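>>> Dropping the sequence and predicted coords here.
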Amino acid sequence: KAGVTQTPRYLIKTRGQQVTLSCSPISGHRSVSWYQQTPGQGLQFLFEYFSETQRNKGNFPGRFSGRQFSNSRSEMNVSTLELGDSALYLCASSSSGTGQETQYFGPGTRLLVL
Amino acid sequence: ILNVEQSPQSLHVQEGDSTNFTCSFPSSNFYALHWYRWETAKSPEALFVMTLNGDEKKKGRISATLNTKEGYSYLYIKGSQPEDSATYLCASNNNAGNMLTFGGGTRLMVKP
């Protein structure tokens, strides 16, 4: 089976712009979670989607949003980018999203905001 | 808000040494504890998912134990090899669903 894929892998944007990142889960997986990794804060949970519904949300401002499509692919959007949004964004997928099963991570999208 | 702590932050060992790291997490509403291995420029690799108090899991030279009553887990590496060099992350979730709270990680460097 192919692993979790994320596009694009690298992105440079300027303050005030918006950005959309994409995540394709492992085939058959229905849960997709998003995480932000910064040097100062480590890995932090953004949100989780399961069967096209947001099931959990982390402590991030409303500028961060996401959605999931019927084929389980997910996108996250960040509007009005700030310098502090520069980070590695990782998505992870799991089969049924019970929380007690393995989550498989993608390679991440590295976003630089200038 | 969960507080997951890992120690030490970094560790330098010689090839062949055995080593262990600690992950502490709030024991209330515990649901699962995950261990990951993350090499630079790669995706985090899942090692173990542990759910029951007293759980012990093993994968090759790596093993882990879980104490949910006191809120800690140990990861052991027997006979460290240079390819074990990576950051080891633990993460806890306290509800059904995939909202993981990660610790800061332990960065292991194994010298040949």
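Looks like it arrived, so ask away.
>>> What is the burial count for residue 16?
By default, I'm working from chain A. For A:G16, the count of nearby residues is 10 (other Cβ atoms under 10 Å in any protein chain shown). Yep, even glycine has a C-beta here, placed from its N, CA and C like the rest.
>>> wrong one, I was asking about chain B
Neighbour tally, B:G16, other Cβ under 10 Å: 11.
>>> Same check on B:W35?
Neighbours of B:W35 under the rule other Cβ under 10 Å: 23.
>>> I'd guessed it sits against B:T87; true?
No. Using Cβ atoms under 8 Å as the test, B:W35 is too far from B:T87 to be in contact (11.5 Å).
>>> List the contacts of the lowest-mean-pLDDT helix or strand in chain A.
When the helices and strands of chain A are scored by mean pLDDT, DSSP states H and E, strand A:53-57 comes last with a mean of 92. Residues from elsewhere that reach strand A:53-57 (Cβ atoms under 8 Å, 6 or more residues apart in numbering or on different chains): A:31, A:33, A:45-49, A:66, A:68, A:97, B:95, B:97-99.
>>> the strands in chain B, which residues?
In chain B, the strands defined using DSSP state E lie at B:5-7, B:10-14, B:19-24, B:32-38, B:45-50, B:56-59, B:62-67, B:72-77, B:86-93, B:101-102, B:106-111.
>>> Strand partners (parallel or antiparallel) of the longest one?
Using DSSP bridges, strand B:86-93 pairs in its sheet with strand B:32-38 (antiparallel), strand B:101-102 (antiparallel), strand B:106-111 (antiparallel).
>>> can I get these in JSON lines with mean pLDDT?
Shown next, in JSON lines, are these (pLDDT from 0 to 100):
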{"stretch": "strand B:32-38", "mean pLDDT": "96"}
{"stretch": "strand B:101-102", "mean pLDDT": "94"}
{"stretch": "strand B:106-111", "mean pLDDT": "97"}
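>>> Ok, which of those strands comes nearest B:S18?
Smallest distance to B:S18 across the strands paired with strand B:86-93 (Cβ to Cβ): 11.1 Å, for strand B:106-111.
>>> orientation of that closest one relative to strand B:10-14 in degrees?
20 degrees (axes from the mean of the first three to the mean of the last three Cα atoms, to 10 degrees).
>>> so how far is strand B:106-111 off the chain centroid?
Put simply, strand B:106-111 sits 13 Å off its chain's centre (Cα atoms, centre = their mean, to the nearest Å).
>>> next one: stretch B:83-100
Centre to centre, stretch against its chain (Cα atoms, centre = their mean), the figure for stretch B:83-100 is 7 Å.
>>> Many thanks, have a good one.
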